[in-house]
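Chemist: What follows is a predicted structure for the sequence shown.
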Amino acid sequence: MKKYIIILLCCFLSIPLMAQQMSEEQAKKHISQAAAKIKTMQCDFVQTKHLKMLNDKMVSKGRMYYQQSDKLRWEYTAPYTYTFVINGTKVMMRNNRRNDVIDVNQNKVFREIARIMMSSVVGNCLNNPKDFKATISTDKDQWIATLTPQRKDLKAMFQTIRLYFDRQKQMVQKVELTEKKGDKTVIELTNAKTNTPINANTFSITR
């Protein structure tokens, strides 16, 4: 469950920032409007998990694909392989040992996961107070959106989520997830491409 929520939050990476000097509410509105224009997105990512108790970190790499409005593929390629795909009402989780397919209409937990993931990708995450309380601040050449979980299940796992927007590139560059116990996961996005064709097989659900 925790891995899936982390994947969920990583989808915030696909939200672009077009605003430079405007109020917090104007920025939220502008982000949502700009994100709605994204038809497809693909990028590489590096995920670093810092373990508080062990004073250690784990680094993994992969690639993400998104197609409006209900297709998403989050794929780890190193040091292990793991694939998570949403295609409409179907969710697939695959590793070297097994392949699971779930119908979200028949599973309340995954229906909620899919709902939040997709609302995040289209930019509604900053405007949904039931899921997160969002504030936006500035730091040099960045905008920083801080999300505070409001739902009980999200509060149980995360203290805060921070999205770091590069104002010049008008894209999110980094997501920082601080867990309830103090562990921190940082996801950095590179080589992002938007509104370019993606092979339909990328989102195939197979048993």
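Modeler: Received, thanks. Residues are numbered from 1 along each chain as shown.

Chemist: Check which helix or strand residue 100 maps to.
Modeler: Here residue 100 is covered by strand 99-103, with elements defined by DSSP states H and E.

Chemist: Tell me which strands that strand pairs with, and in which orientation.
Modeler: Note on strand 99-103: by DSSP bridges, its sheet partners are strand 90-94 (antiparallel).

Chemist: Look up phi and psi at the most far-flung residue of the chain relative to its centre.
Modeler: No residue in the chain sits farther from the centre than residue 54, which is 25.9 Å out by C-alpha atoms, centre = their mean. For residue 54, the backbone dihedrals (degrees, to the nearest 10) come out as phi -100, psi 0.

Chemist: same check, this time on residue 98
Modeler: Dihedral angles of residue 98 (phi, psi; degrees, to the nearest 10) stand at phi -150, psi 160.

Chemist: Share the number of residues neighbouring it, please.
Modeler: 7 (other C-beta atoms under 10 Å). Where you see a C-beta, it was placed from the backbone N, CA and C, and this is true even at glycine.

Chemist: Now do it against residue 151, distance only.
Modeler: As defined by C-beta to C-beta, to the nearest Å, residue 98 lies at a distance of 29 Å from residue 151.

Chemist: now residue 142
Modeler: For residue 142 relative to residue 151 (C-beta to C-beta), the value is 27 Å.

Chemist: how many neighbours does residue 55 have?
Modeler: 7.

Chemist: now the helices for this protein?
Modeler: Remark: helices assigned in the chain by DSSP state H are 2-10, 24-35, 108-121, 152-155.

Chemist: Could you tell me the least trusted of those helices?
Modeler: Among these, helix 2-10 carries the lowest mean pLDDT, at a mean of 44.

Chemist: pLDDT below threshold where in the protein?
Modeler: In the predicted model of the chain, residues 1-24, 26-35, 108-127, 167-171 satisfy pLDDT under 70.

Chemist: That one: strands as residue ranges?
Modeler: All strands of the chain, identified by DSSP state E, fall at 40-51, 56-67, 71-78, 82-87, 90-94, 99-103, 132-139, 142-149, 158-166, 171-179, 184-194.
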